[in-house]
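>>> Based on what follows, work out the 3D shape:
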Amino acid sequence: MTRSRIGPLALEAPLGGPNSHIYRAIHVQQRSQVAVRVFPMPMGMTPESKQEFAANLEKIKTLKHPGVVRCYGGGFDAKDAYLVYELVEGESLDHALERRERLPWETVLDYGLQLCEALQRAHEAGWIHGRIRPDKVLLTLGGEVAKLNEIWQGPAATHPPRPEDLAYQSPEQVEGKGKLEVACDLYSLGATLYHALTGRPPFAGANAGMVRQAILVQDVEPVAAQVFDCPVWLSAIVEQLMHKDPLKRPYSATATSLALREAQKRATSGVAVVQHAVSGFSPLQMNVDKDEAEKILGRKKKKKRSKRDEEYDDSPAMLERPLVLVGILLFIVATIGYFLMPLSEKTLRYRAELFLAQEDVGSLNEARDRYLIPLIERFPESESATWAEERLIEIEMVNAEQKMQSNRRFGREPSSEGERKFVEANRFEQFGDRVTALDKYKAIVSLLKNEEKERPFVNLARRQIEKIESSPPDADELRRFLQEKLNEADKKYGSGDLLSAKQIWEGIVSLYNGNKEMLSLVERAQGRLEKLKE
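Take a look at the predicted model:
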């Protein structure tokens, strides 16, 4: 029998199919929508292992980044454990690939850059994902933002991995050599990008053993050999990410991001492979002979120095001089110190303003996480901190409005009491009744002002109150408004527009049925509706 409750959560439909262990859920008390992953507790789980689970849970809750699906917490319930995640409206990358087979290289490159940033943040916090593959990448509505899901998924699974999941693991993972490292995640990222570009996993087999053997022995077929419009630069990065030797993969997610950006720049500028071979483009490794490339480009090889020249040149090499070495060392130390130095208050605010000016939701949230929150934490008494707090309130309101629009678009119930009340008040305002809308907005502020989780809707209500009160309605405005609506409906009825007339009458009845002061007008609308039924 399908369970309907776990901990404080009411479970709704499974996310990802009827056999999925991830559910859409509602927190019963907070009335907020989340995603919850339910999994059986391993047999013989000791008190120590439960403490380790709880410690990891507290640690993962602190991992915050726009490109990482947020984990809010979790716990134990009877025989099961569960983890609660941010609910991402959209689809997973594997579902997108099922629909479209493969994605344009520009889209894959954009996702790669986003995932590199998310992965770097996770690695800096001490997390190794270990299972990056298309079903662990969530795409928001419209497919503009890619988020890395399940950085930590609780106790390790005891069942053997499926062949289709093994296809994205690094050679050292399938061999079980050592612990998970950054290089493992980079390989899996490359395998995921490979699938998105080509429409198929890098390796396949009838069973897990065949997939393992393919990963260890076979060379991956270059993307550019299969997808002719894919820039060779992007294909080369994917190959480098999937190198069987971990030491020959990029050093970090940041290094991969730099290579992707350089590849993007080279692809748009039309730089050819042979030009790359002689240019020293460092982020990529490409098997092209430099001498041969110089011949193709018509460049002359440099002449070798004669023995006579070498005999006369008895001065020490520049880099062997002690003063030069000391100077270089000081420069390196100064450079590292500069980049490791925390950003100043002024810089944090300036960079936040750059993101805020872009006005899209993704940039606003990026400004919040990377600059506004650190600004408040590090300079709490400053004028900039006050400014940052005001921007955070505005961003909360924008996210709340986006969430309401999404719920309305998909026919879902409001996810909290504040959202429900705001939607109700806004319905009156959209109908044209500013009097009732104003009363309901004020009720939201009065009832929910001390509820922290309802703060975005309280602030939205305050905004609407200020807007309406800038030209306040008088006491008789509602009656005049409804009278005008009824007259409008009568005219539409008289001209034969029965549908529009009916919509107005039904709106009046549904919105004002309990308003005793407007009873006569409601009864008039009800009478018109009854007449339509005759």
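
>>> okay, CA-based contacts and neighbour counts for the rest of this
Fine.

>>> The longest helix seen in the chain packs against which elements?
In the chain, with assignment by DSSP state H, the single longest helix is helix 383-409. The contact analysis (3 or more Cα pairs under 8 Å, 6 or more residues apart in numbering; DSSP states H and E) places helix 383-409 against helix 345-356, helix 361-367, helix 373-378, helix 455-469.

>>> ok, of those helices, where does mean pLDDT dip lowest?
Of all those, helix 361-367 carries the lowest average pLDDT, namely a mean of 80.

>>> Would you mark the buried spots in it?
The neighbour-count check on helix 361-367 (16 or more other Cα atoms under 10 Å) flags 362-367 as buried.

>>> export the residues you listed to CSV and tack on distance to Ile237?
CSV is the format used below for the buried residues of helix 361-367 (distance: Cα to Cα, whole Å):
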residue, distance to Ile237
Gly362, 26
Ser363, 27
Leu364, 30
Asn365, 29
Glu366, 26
Ala367, 29
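
>>> Out of these, which is nearest to Ala96?
Gly362 (20.4 Å; Cα to Cα).

>>> List the contacts of that closest one.
The contact partners of Gly362, by Cα atoms under 8 Å, 6 or more residues apart in numbering, come to 66, 145.

>>> in which helix or strand would I find Val84?
In this structure, Val84 sits in strand 80-85 according to DSSP states H and E.

>>> next one: that strand to chain centre, how far?
Here strand 80-85 is found 20 Å from its chain centre; the criterion is Cα atoms, centre = their mean, to the nearest Å.

>>> Partner strands of it and their direction?
In the sheet, strand 80-85 lines up against strand 33-40 (antiparallel), strand 71-77 (antiparallel) (DSSP bridges).

>>> Any idea which of those gets closest to Leu448?
strand 33-40 (18.5 Å).

>>> Give me the pLDDT value at Ser279.
Residue-level confidence at Ser279 comes out at 47, pLDDT.

>>> Using JSON lines, lay out the strands paired with strand 80-85 together with mean pLDDT, distance to Leu343 and mean neighbour count.
What follows is the strands paired with strand 80-85, written out as JSON lines (pLDDT from 0 to 100; distance: least, Cα to Cα, whole Å; neighbours: other Cα atoms under 10 Å):
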{"stretch": "strand 33-40", "mean pLDDT": "85", "distance to Leu343": "34", "mean neighbour count": "21"}
{"stretch": "strand 71-77", "mean pLDDT": "84", "distance to Leu343": "27", "mean neighbour count": "19"}
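
>>> how far away is Pro14 from Val211?
29 Å (Cα to Cα, to the nearest Å).

>>> Same check on Val220?
In terms of Cα to Cα, Val220 sits 13 Å off from Val211.

>>> Repeat that for Thr198.
Distance, Thr198 to Val211, by Cα to Cα: 18 Å.

>>> go on, Gly176?
In terms of Cα to Cα, Gly176 sits 14 Å off from Val211.

>>> got it, and Phe39?
26 Å.

>>> quick check: domain ranges of the chain?
The chain breaks down by automatic domain parsing into domains covering 1-87, 91-270, 345-469, 477-533.

>>> and among the ones you listed, the most buried is which?
Stretch with highest mean neighbour count among the domains of the chain: domain 91-270 (a mean of 19; mean count of other Cα atoms under 10 Å).

>>> Disregarding residues adjacent in the polypeptide, which is nearest to Val509?
Val522 (5.6 Å; Cα to Cα, 6 or more residues apart in numbering).

>>> you'd agree Gln240 is up against Pro250?
Yes - applying Cα atoms under 8 Å as the test, Gln240 and Pro250 come out as touching, 7.2 Å apart.

>>> if we can go back for a sec, out of the helices and strands packed on helix 383-409, nearest to Ser32?
Of all the helices and strands packed on helix 383-409, it is helix 455-469 that lies closest to Ser32, at 13.0 Å by Cα to Cα.

>>> Distance of Arg31 relative to Glu12?
Counting by Cα to Cα - Arg31 and Glu12 are separated by 13 Å.

>>> so what's Leu521 up against?
Leu521 neighbours (Cα under 8 Å, 6+ apart): 482-483.

>>> Let me see the ranges of the strands in the chain.
In the chain, the segments counted as strands under DSSP state E are 5-6, 9-14, 22-27, 33-40, 71-77, 80-85, 90-92, 137-140, 146-148.

>>> Let me have those in TSV, extended by distance to Leu348.
Shown next, in TSV, are these (distance: least, Cα to Cα, whole Å):
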stretch	distance to Leu348
strand 5-6	42
strand 9-14	38
strand 22-27	35
strand 33-40	31
strand 71-77	26
strand 80-85	29
strand 90-92	32
strand 137-140	27
strand 146-148	24
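
>>> Tell me which of those lies nearest to Glu389.
It's strand 71-77; of the strands of the chain, that one is closest to Glu389 (Cα to Cα) at 22.4 Å.

>>> can you give me how far that closest one is from the chain middle?
21 Å.

>>> So what does Pro380 have for phi and psi?
Here is the backbone geometry of Pro380 (degrees, to the nearest 10): phi -60, psi -20.

>>> How about the contacts made by it?
Pro380 makes contacts with Thr386, as judged by Cα under 8 Å, 6+ apart.

>>> how about a cut-off of 10 Å?
374, 386, 388-389 (Cα atoms under 10 Å, 6 or more residues apart in numbering).

>>> circling back: now the common contact residues for Arg31 and Glu12.
Ala25.

>>> Sketch out the low-pLDDT regions of this structure for me.
Low-confidence segments of the chain (pLDDT under 70): 1-3, 16-20, 41-46, 78, 153-160, 267-342, 409-410, 474-475, 534.

>>> returning to what we had before: of all the helices and strands packed on helix 383-409, which one is nearest Gly75?
Nearest of these (Cα to Cα): helix 455-469, 26.6 Å.

>>> Go ahead and name everything in contact with the closest one.
Helix 455-469 is contacted from outside by 393-401, 416-423, 425-426, 429, 434-435, 437-452, 470, 472, using Cα under 10 Å, 6+ apart.

>>> still on that earlier bit, go through the buried residues of helix 361-367 and name the one nearest Tyr85.
Asn365 (17.5 Å).

>>> For that closest one, give me its contacts.
Contacts for Asn365 (Cα under 10 Å, 6+ apart) come out as 65-66, 355-356, 359, 371-372, 392, 395-396, 398-399.

>>> okay, those in JSON lines with distance to Leu57 next?
As requested, the contacts of Asn365 are exported to JSON lines (distance: Cα to Cα, whole Å):
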{"residue": "His65", "distance to Leu57": "17"}
{"residue": "Pro66", "distance to Leu57": "19"}
{"residue": "Phe355", "distance to Leu57": "31"}
{"residue": "Leu356", "distance to Leu57": "32"}
{"residue": "Glu359", "distance to Leu57": "33"}
{"residue": "Tyr371", "distance to Leu57": "25"}
{"residue": "Leu372", "distance to Leu57": "25"}
{"residue": "Leu392", "distance to Leu57": "26"}
{"residue": "Ile395", "distance to Leu57": "27"}
{"residue": "Glu396", "distance to Leu57": "25"}
{"residue": "Val398", "distance to Leu57": "29"}
{"residue": "Asn399", "distance to Leu57": "26"}
